[in-house]
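Asker: no sequence for this one, just the structure:
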């Protein structure tokens, strides 16, 4: 039995919310140059109790090793050659019921020599554009593919019980290194595994990159979806049990000026495939399946020339009725106008293929267009308002143009002159919190002034990287899959390369434990989040991970960097708790007793 760690953690009332908003703060800074209508990244909050949980070393169940038996040999693994595809760049999934642990590049063994991370920075470009075939790392031969990694984890239901016999697919989303002779991306087949009796799954060899993990719906469970990095070994996917119920929503759609409306699209918010259209009499009917995940659905009513309307269905009504009636009256849009304009370079020629966007929060409308070869654009059927925000983005070294407020009352002409951006560069190294280099690690780089294009920045065997031809101004680096890592506070100056050391919460350490009631019973299905923050020389590095306790109350975070972390726990029927464990070698498992809610 490892020696116990015991302490009481005081929690102030002011710490009422623990979330991963912190790691997203860098994104908020970049949004200053984006339209107000761009949807922000979602955040999740968990309450923190004023009670102080007791933390001790647990007694593991007889015959079980704490870290899920070190994820024994993966269950059945199948490769599907018919679904082979190239990895492509696309937005990370939202609302996934998964957050997993850190990626696989591990630091050198403790005690190994630590080379100066600023020494011999490579004068080469270690980045590639989002969606392009990735370039080889700075010191990596073109004909040398990165060694394959693994993926693994568990599928649990909402109560933390193992979901056995559930098929899990691993689909490549973005790959970080060429898999052939360096000339391009080789097709990567989708892989399929089936969870064993303990709900575990595994994929033995996958190329380095980001993967979409998705379970197949079964007779018992709905599907679950998340995006993780290769090397994850303790992902937890939470599947909802099917209720077997459905709800019929029907009614009539009319104009507020009188008369039925034909051709109105009615869809379930968040599930656009569940949709219906109103008929000649304005009548509609839509049947939707209900699950534990969808307890209070909303409907969206849309038709050109009318303002969109959303109608909520209460949780009690959805739970106790087989059908509900919702009659809706849509308001016609106000007067519509045409907005034209020309985009040119400052004192120069017209700019073709520039993206133009108008957004109004007041009327909830967004209009988009692209300039032609003469730099002209036309936006039609624009609803009149006085709070539009104009955003223009063009590739080729131009600063994004933002103008607000813009009034649209009748035909409007908006001419835009884009300022040129000067070039800069960034170089440095990626290290763990103990200063050891992270070989082959990849982050995505975004510029505040250079538009929405992202670059994948990969380190060499010493964690070094160099990126040229960047736009001046603030930049941020992040992961786009679990675990969520970010670096902010970097500003580039034209003509002057910026040297940085990026400290990332990645390593070979484990934080695990058990959640128990006051009487010693296990607490399964609890949300457990882990955060880390390190300021260093004006840079801010953050991480966020989240998992779910199983039926034994067990949870684990693996591949962590050393140092203090913030652990938060929320569970139905219990007060939320927060503590700050030290992560490092020899740390024993935690035993956390959750105080019951009053």
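Answerer: Here it is on my side, so go on. Because the structure is predicted, anything quoted here is derived from the model rather than measured. Residues are numbered from 1 along each chain as shown.

Asker: so the closest residue to residue 478 other than its chain neighbours bridges to which residues?
Answerer: In space, and not counting its chain neighbours, residue 478 is closest to residue 486: 4.4 Å by Cβ to Cβ, 6 or more residues apart in numbering. Using the backbone N, CA and C atoms, a C-beta is placed for each residue, glycine as well. Judged by DSSP bridges, the bridge partners of residue 486 are residue 478, residue 542.

Asker: repeat for residue 323
Answerer: The partner residues for residue 323, given DSSP bridges, come to residue 248.

Asker: and it, what pLDDT?
Answerer: If you check residue 323, the pLDDT there is 89.

Asker: just the one 5 residues further on next, same as before
Answerer: Turning to residue 328, the model gives it a pLDDT of 96.

Asker: do residue 316 as well
Answerer: 79.

Asker: that one falls within a strand, correct?
Answerer: No - secondary structure of residue 316 (DSSP: H, G, I helix; E, B strand; the rest coil): helix, not part of a strand.

Asker: give me the number of residues near it?
Answerer: 10 (other Cβ atoms under 10 Å).

Asker: do the same with residue 298
Answerer: Other residues near residue 298 number 13, with proximity taken as other Cβ under 10 Å.

Asker: give the contact list for it.
Answerer: 268-269, 310-313 (Cβ atoms under 8 Å, 6 or more residues apart in numbering).

Asker: what's the closest of those to residue 381?
Answerer: Checking those against residue 381 with Cβ to Cβ, the nearest one is residue 310 at 21.2 Å.

Asker: please report how far the nearest residue to residue 188 once chain neighbours are set aside lies from residue 203.
Answerer: Spatial nearest neighbour of residue 188, excluding adjacent residues (Cβ to Cβ, 6+ apart): residue 172 at 4.5 Å. Here the criterion is Cβ to Cβ, to the nearest Å. By it, residue 172 lies 11 Å from residue 203.

Asker: please apply the same query to residue 221.
Answerer: Residue 221 is 20 Å from residue 203, by Cβ to Cβ.

Asker: report the separation between the residue nearest to residue 237 when sequence neighbours are not counted and residue 212.
Answerer: In space, and not counting its chain neighbours, residue 237 is closest to residue 224: 4.4 Å by Cβ to Cβ, 6+ apart. Going from residue 224 to residue 212 by Cβ to Cβ gives 11 Å.

Asker: more neighbours: which of these two?
Answerer: For residue 224 versus residue 212, the count of surrounding residues by other Cβ under 10 Å is larger for residue 224: 24 against 20.

Asker: that older thread, next, the residue nearest to residue 237: phi, psi?
Answerer: Main-chain torsions, residue 224, degrees, to the nearest 10: phi -130, psi 150.

Asker: ok, back up a step: quick check: the residue nearest to residue 188 touching residue 209?
Answerer: Yes - contact criterion Cβ atoms under 8 Å: residue 172 and residue 209 qualify, at 5.8 Å.

Asker: what are the ranges of the strands in the stretch 301-450 of the chain?
Answerer: In the stretch 301-450 of the chain, the strands defined using DSSP state E, counting those that start in this stretch lie at 309-312, 323-325, 328-330, 336-345, 355-360, 365-370, 376-383, 385-393, 401-408, 412-413, 416-418, 423-431, 442-447.

Asker: got JSON lines for these, with distance to residue 460 too?
Answerer: What follows is those, written out as JSON lines (distance: least, Cβ to Cβ, whole Å):
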{"stretch": "strand 309-312", "distance to residue 460": "50"}
{"stretch": "strand 323-325", "distance to residue 460": "60"}
{"stretch": "strand 328-330", "distance to residue 460": "58"}
{"stretch": "strand 336-345", "distance to residue 460": "37"}
{"stretch": "strand 355-360", "distance to residue 460": "35"}
{"stretch": "strand 365-370", "distance to residue 460": "38"}
{"stretch": "strand 376-383", "distance to residue 460": "43"}
{"stretch": "strand 385-393", "distance to residue 460": "32"}
{"stretch": "strand 401-408", "distance to residue 460": "37"}
{"stretch": "strand 412-413", "distance to residue 460": "52"}
{"stretch": "strand 416-418", "distance to residue 460": "36"}
{"stretch": "strand 423-431", "distance to residue 460": "9"}
{"stretch": "strand 442-447", "distance to residue 460": "12"}
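
Asker: can you pull the contacts of residue 511?
Answerer: 530, 556-557, 560, 565, 567, 581, 583, 587, 590.

Asker: mind running it again at 7 Å?
Answerer: Residues in contact with residue 511 (Cβ atoms under 7 Å, 6 or more residues apart in numbering) are 530, 557, 560, 565, 581, 583, 587.

Asker: among these, which ones are buried?
Answerer: Among the contacts of residue 511, those classed as buried by 16 or more other Cβ atoms under 10 Å are 530, 557, 560, 565, 581, 583, 587.

Asker: from what I see, residue 160 and residue 550 are in contact.
Answerer: Yes - in terms of Cβ atoms under 7 Å, residue 160 counts as a neighbour of residue 550; the distance is 4.6 Å.

Asker: give the residues shared as contacts by those two.
Answerer: In terms of Cβ under 7 Å, 6+ apart, residue 160 and residue 550 are both contacted by the residues residue 524.

Asker: give me the number of residues near residue 154?
Answerer: 26.

Asker: and the contacts of the strand or helix carrying it?
Answerer: If you go by DSSP states H and E, residue 154 is part of strand 149-157. Contacts to strand 149-157, defined as Cβ under 7 Å, 6+ apart, come from residues 71, 74, 100, 104, 162-163, 166, 168, 170, 195, 199-206, 208, 211, 215, 228, 230-239, 241, 548, 550.

Asker: circling back: could you find the lowest-pLDDT member of the contacts of residue 511?
Answerer: Within the contacts of residue 511, pLDDT is lowest for residue 587, at 86.
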